[in-house]
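In: Structural data only, the sequence is not supplied:
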C-alpha cells in the first residue's frame, strides 16, 4: 500500500498548499491512503468544520487533530458527524469523537489510524500515552484485522516520540510525530518493520517562527513581553510529511521517504 502522511497544516497558507498540491500528488504517486494533521489549519489554532471539509475534499482520507483539537468550538459538534476526523485517544474521557478508526482503502483493504498525545513538556497533564495506545494496537494487528496501521504521536519531546516508535515497532506500519512543526531527518524502518519519523514538520510557510509571523514571537523572546497576537505566516507554504509503502500481508513498511514539496524547503519525495 502507498501511504502519505502530511504534518500539521498551519493557517491559510497550509490549507492552500494542501488544496493545491495534494490532488496532483495523489494521482502522480498512486496513493492508496492519505492522512493529514489539521489541528492548526484554522488561524493557527484548532480546526473548523469548514476547513476540515476542505482538507477532506483535497484528498485526505483521514484528518487528525492534537492538543488544540477543540480550540475551534464548532469542532465539538462537527467531529460527531464526520468519522474521518479523529482526536487523540487520551485527550479526555468525555471528549466527543474517537481517537482511532479503521478506514477503507482500495481493494477492500483496511487501515487503522490512531492518534496519541505525549506528556513531556505539554501544557496539560494528559493520560499515559503508552497504556492508552496499547489496547488499540492489540486489537488491530497489521497483516491481520488491518493491512496497515498509522500512529500519529502528537507531542513535544523527541525522546518521547522515539520511545513510542520503538514501543510500537512491529505492531504499526508507521509511527510519525507531529506538533513541533519542524521536520526531522531521521526517517527509517525500525528493526521489526515499523516506519518511523520523529516529526513530519508542518504544511505552512517556513519563513516564520514555527508557522507564525516572525515579529511577535521574536519580540516576546527578546523582551519577555507580548505586544500583539500571534498571526499565521501567509507566504508560500511547503508540504511536509512522510511517504511509506507497506506489505499488505504483514503490514510492515518496505519503504519510507521524507516529503518536502514547494515553498522554501528543498524538494524531496518518492
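Out: Right, received. Where do you want to start? This is a predicted model, so every value here is computed, not measured.

In: low pLDDT regions in this protein?
Out: Residues of the chain meeting the criterion pLDDT under 70: 266, 268-269.

In: Please enumerate the strands of it.
Out: Applying DSSP state E to the chain gives strands spanning 2-6, 8-9, 33-37, 62-64, 85-86, 100-105, 109-117, 148-154, 174-178, 188-189, 195-197, 202-203, 239-246, 253-261.

In: wait, which of these is closest to residue 137?
Out: Between residue 137 and the strands of the chain, the tightest spacing by CB to CB is seen for strand 148-154, at 7.4 Å. In short, each C-beta sits where N, CA and C put it, glycine included.

In: What angle do strand 239-246 and that closest one make with each other?
Out: Relative orientation of strand 148-154 versus strand 239-246 (axes from the mean of the first three to the mean of the last three CA atoms, to 10 degrees): 150 degrees.

In: okay, now residue 183: neighbour count?
Out: Residues lying near residue 183 (other CB atoms under 10 Å) number 24.

In: which one of the strands of the chain has the most crowded surroundings?
Out: strand 202-203 (a mean of 34; mean count of other CB atoms under 10 Å).

In: tell me which strands and helices it is in contact with?
Out: The elements that strand 202-203 packs onto, with contact taken as 3 or more CB pairs under 8 Å, 6 or more residues apart in numbering; DSSP states H and E, are strand 8-9, helix 11-28, strand 239-246.

In: need the ones you listed in TSV with distance to residue 35, can you?
Out: Formatted as TSV, the entries for these read as follows, by distance: least, CB to CB, whole Å:
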stretch	distance to residue 35
strand 8-9	12
helix 11-28	11
strand 239-246	9
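
In: returning to what we had before: now the strands of the chain in a markdown table, with distance to residue 71?
Out: Output for those, formatted as a markdown table (distance: least, CB to CB, whole Å):
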| stretch | distance to residue 71 |
| --- | --- |
| strand 2-6 | 20 |
| strand 8-9 | 13 |
| strand 33-37 | 14 |
| strand 62-64 | 15 |
| strand 85-86 | 14 |
| strand 100-105 | 21 |
| strand 109-117 | 14 |
| strand 148-154 | 14 |
| strand 174-178 | 15 |
| strand 188-189 | 33 |
| strand 195-197 | 25 |
| strand 202-203 | 16 |
| strand 239-246 | 22 |
| strand 253-261 | 26 |
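
In: What's opposite the residue positioned nearest the centre of the chain in the beta bridge?
Out: Nearest to the geometric centre of the chain sits residue 37, at 3.5 Å (CA atoms, centre = their mean). Beta bridges link residue 37 to residue 64, judged by DSSP bridges.
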